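Enquirer: Need coordinates for the below:
(chains A and B, ligands or ions: 2)
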Amino acid sequence: MDDGLNTARLRVNYELAEQVFQKSRIQPTVCYQCRKCTSGCPLTFAMDYPPDRIVRFLILGLEERILRSRTIWVCSSCETCTTRCPNDIDIAGLMDHLKEEAHARGIVPPECRPIHAFHEAFLEDVARRGRVFEAGLLQRYMLTSGAWKSRLADGTLWSEVRTGLALLRKGRLPLLPRGVQARDEIRRIFQGVGDSEAPSDPVHASSGAENADASADPS
Amino acid sequence: METVGYYPGCSLEGTARDYAASIRGVCQMLHVELRELDDWNCCGATAAHSLNRRLAVELPGRNLVLAETQGLSELVVPCALCFNRLKTAEKALLGPESHRYSLQYEGSVRVMDLMDFLTRPERLQWMETHRVRPLEGIRAVCYYGCMVNRPPKITDAPSWENPTNMDALLSTLGARVLDWPFKTDCCGASHSVSRPDLVTTLTGRLLSRALAQGANCIVVSCQMCQANLDMFQERVARELGTALDLPVFYFTELMALALGHPDAASWARRHLVDPVPLLEASGLAV
Ligand code: SF4
Ligand code: SF4
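Expert: Residues are numbered from 1 along each chain as shown, chains lettered A, B, ... in the order given. Ligands and ions are numbered 1, 2, ... in the order given. Model (predicted):
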């Protein structure tokens, strides 16, 4: 009987929540879907799934769907959800974990690539000098991510250039970067953490559940 | 003279130099000597905790270890995000999962948010008797933002839904402080560069509510909040089709004004929304 409950086709993968717990020490399975996280989230207007849905998908093992969602990148890490969850689930921490996972697998949705590209440019700057030099970072991000093109297209580029010029005029854009002296310590930190997140994790083995993700709609 | 450790963070060497200058000025007046952490590094900010959780602990963690080696028992932090990341590192390096990280930290450094440090009761008392220009004419909403208070497990903040220390400070300085429901709502933070559309929406909500509440300025304690509310105001005004003209002050700038620091007004002139008309109308422009 087809009563519209296409959840029947859903293949649930309970392993995913366990794998997430092992890596992040955050336990999504205690969620009872009260939606308090979503009620206080300031960015639901730009998300494809609200935060409570992401937690639910995690429990059901819909990994692909989560990793390809806009939600995890649009989240501003404001920590409202984490603070208010009655079951003490660190939802903002889950969002970070999922971004890290999507980053490791290179599956960032196109409309979220600017966010991802900015994070990458930022960390490159930190790796280089140990500190961020805002003026250089902004310039490099604009050029390498191609962000200037979309800004030109939607007409916001000039407003940004004007803001930049105003900052310069007001003496708020220093022209020379400063850095950490013990660069080797910074290098060691970056090298030490580099491989720990390489995709050698068990989560990959489960990617056979992807098809189920695509066909089922558990909402 | 009291001496404390000081972690300025990258923005205060760059676009938030106005904040940095006002902090120096105010601390001088309060007889507080800020000892900058030697060879500090970036806390990794949102980028690190989004892409690499170990980096997100070890970058700020190195600063805690440095502070410990340099014998600083207190570390004052003016940036809300740096504060949050340093506190996160503190909890991680002292918690049950500390073996995941390559740093050894004993936990002898107390990480403090600058506003918390500057609004201790004895200081408020001192300011009450030393203010030379009460902030009459200033009708402020206090905007605390996200990172200083949330999540309380990390920040150890006593009241995260309705913080009041900035309210108390500004009242002490003679300003009229208006109540409003957006004290700790999000401004969009680091999305300002990569998704300015999101920040336009979020700051639009904050700015129009501040205006509706009858405020003639917004007061902040975070340079990201300041940048977003200040730099996006022109764009928000255009989209809403109304004039906003709400100066966005750092709390330290208003402290300096009230305590009579000669350079106070010049720091605020570096903002994009011109504060001079309000300061003149309030008899505070010098
Ligand atoms: S607030 Fe917590 S328990 Fe409630 S829906 Fe969100 S994650 Fe689940
Ligand atoms: S941390 Fe992210 S998901 Fe949680 S309330 Fe804030 S924006 Fe929403």
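Enquirer: How far off centre is stretch B:247-265?
Expert: Taking CA atoms, centre = their mean, to the nearest Å, one finds the center of stretch B:247-265 at 14 Å from the center of the full chain.
Enquirer: How about the residues of chain A by ligand 2?
Expert: Within chain A, the residues that sit near ligand 2 (CB under 6 Å from any ligand atom) are A:40-43, A:51, A:75-81, A:91-92, A:95. All C-beta spots, glycine's among them, are computed from the backbone N, C-alpha and C.
Enquirer: which of these are close to chain B?
Expert: A:42-43, A:76-80, A:92 (CB under 8 Å from any CB of the partner chain).
Enquirer: Break chain A down into its structural domains.
Expert: In terms of domains, chain A is parsed into A:15-111, A:113-195 (source: automatic domain parsing).
Enquirer: Pick the most buried one from the ones you listed.
Expert: The highest average neighbour count among those, using mean count of other CB atoms under 10 Å in any protein chain shown, belongs to domain A:15-111 at a mean of 20.
Enquirer: For chain B, which helix or strand comes out least confident on mean pLDDT?
Expert: Taking mean pLDDT, DSSP states H and E as the measure, chain B has helix B:264-268 as its least confident helix or strand, at a mean of 85.
Enquirer: who are the neighbours of that one, in terms of helices and strands?
Expert: On a contact count with 3 or more CB pairs under 8 Å, 6 or more residues apart in numbering or on different chains; DSSP states H and E, helix B:264-268 meets helix B:17-29, helix B:251-259, helix B:276-281.
Enquirer: Next, the angle helix B:251-259 makes with the longest one.
Expert: Spelled out, it's helix B:17-29. Put simply, helix B:17-29 runs at 50 degrees to helix B:251-259, going by axes from the mean of the first three to the mean of the last three CA atoms, to 10 degrees.
Enquirer: Quick one: mean pLDDT for helix B:17-29?
Expert: On average, the pLDDT along helix B:17-29 is 94.
Enquirer: what's the spacing between it and its chain's center?
Expert: 12 Å.
Enquirer: can you check the last one too?
Expert: Centroid displacement of helix B:276-281 relative to its chain, using CA atoms, centre = their mean, is 23 Å.
Enquirer: residues in contact with B:Gln70?
Expert: B:Gln70 makes contacts with B:5, B:37-38, as judged by CB atoms under 8 Å, 6 or more residues apart in numbering or on different chains.
Enquirer: For chain A, state which of those is nearest.
Expert: Closest approach to chain A among the contacts of B:Gln70 (CB to the nearest CB): B:Asp38, at 8.9 Å.
Enquirer: for the residue lying closest to the closest one once chain neighbours are set aside, phi and psi?
Expert: Sequence neighbours aside, B:Gln70 is the residue nearest to B:Asp38 in space, at 5.9 Å (criterion: CB to CB, 6 or more residues apart in numbering or on different chains). Here is the backbone geometry of B:Gln70 (degrees, to the nearest 10): phi -80, psi 10.
Enquirer: And the pLDDT for B:Gln70?
Expert: 98.
Enquirer: And A:Ser200, by the same measure?
Expert: 32.
Enquirer: again with B:Gly14
Expert: pLDDT, B:Gly14: 81.
Enquirer: I'd say it and A:Glu134 touch.
Expert: Yes. Between B:Gly14 and A:Glu134 there is a contact under CB atoms under 8 Å: 4.1 Å.
Enquirer: And the ones next to chain B among the residues of chain A next to ligand 2, which is closest to A:Leu62?
Expert: A:Ala92 (19.8 Å; CB to CB).
Enquirer: Chain neighbours aside, what residue packs nearest to the closest one?
Expert: A:Thr82 (4.5 Å).
Enquirer: Kindly report the same for B:Val276.
Expert: Counting by CB to CB, 6+ apart, the residue nearest B:Val276 is B:Ala285, at 6.0 Å.
Enquirer: So which residues of the stretch 1-150 of chain B form strands?
Expert: B:2-6, B:32-36, B:74-77, B:110-113, B:139-143 (DSSP state E, counting those that start in this stretch).
Enquirer: I'd like those as JSON lines, with mean pLDDT, mean neighbour count and distance to ligand 1 appended.
Expert: Listed next are these as JSON lines, based on pLDDT from 0 to 100; neighbours: other CB atoms under 10 Å in any protein chain shown; distance: least, CB to the nearest ligand atom, whole Å:
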{"stretch": "strand B:2-6", "mean pLDDT": "96", "mean neighbour count": "17", "distance to ligand 1": "37"}
{"stretch": "strand B:32-36", "mean pLDDT": "97", "mean neighbour count": "15", "distance to ligand 1": "40"}
{"stretch": "strand B:74-77", "mean pLDDT": "98", "mean neighbour count": "24", "distance to ligand 1": "29"}
{"stretch": "strand B:110-113", "mean pLDDT": "97", "mean neighbour count": "22", "distance to ligand 1": "26"}
{"stretch": "strand B:139-143", "mean pLDDT": "97", "mean neighbour count": "25", "distance to ligand 1": "25"}
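Enquirer: Throw these into CSV and include distance to chain A, thanks.
Expert: Shown next, in CSV, are the strands of the stretch 1-150 of chain B (distance: least, CB to the nearest CB, whole Å):
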stretch, distance to chain A
strand B:2-6, 15
strand B:32-36, 12
strand B:74-77, 15
strand B:110-113, 15
strand B:139-143, 13
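Enquirer: In JSON lines: those strands, plus distance to ligand 2.
Expert: Shown next, in JSON lines, are the strands of the stretch 1-150 of chain B (distance: least, CB to the nearest ligand atom, whole Å):
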{"stretch": "strand B:2-6", "distance to ligand 2": "29"}
{"stretch": "strand B:32-36", "distance to ligand 2": "31"}
{"stretch": "strand B:74-77", "distance to ligand 2": "21"}
{"stretch": "strand B:110-113", "distance to ligand 2": "19"}
{"stretch": "strand B:139-143", "distance to ligand 2": "17"}
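Enquirer: Quick one: the ones you listed as CSV, columns for distance to B:Asp263 too.
Expert: Formatted as CSV, the strands of the stretch 1-150 of chain B follow (distance: least, CB to CB, whole Å):
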stretch, distance to B:Asp263
strand B:2-6, 19
strand B:32-36, 17
strand B:74-77, 21
strand B:110-113, 24
strand B:139-143, 21
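Enquirer: A:Gln181 is nearest to which of these?
Expert: Nearest to A:Gln181 among these is strand B:32-36; the distance by CB to CB comes to 13.5 Å.
Enquirer: just how off-centre is that closest one within its chain?
Expert: 17 Å.
Enquirer: what's the answer for stretch B:176-190, then?
Expert: 12 Å.
Enquirer: likewise stretch B:119-129?
Expert: For stretch B:119-129, the distance to the chain centre is 19 Å (CA atoms, centre = their mean).
Enquirer: what sits up against that stretch?
Expert: So stretch B:119-129 is contacted by B:30, B:165-166, B:168-169, B:172-173, B:255, B:258-259 (CB under 8 Å, 6+ apart).
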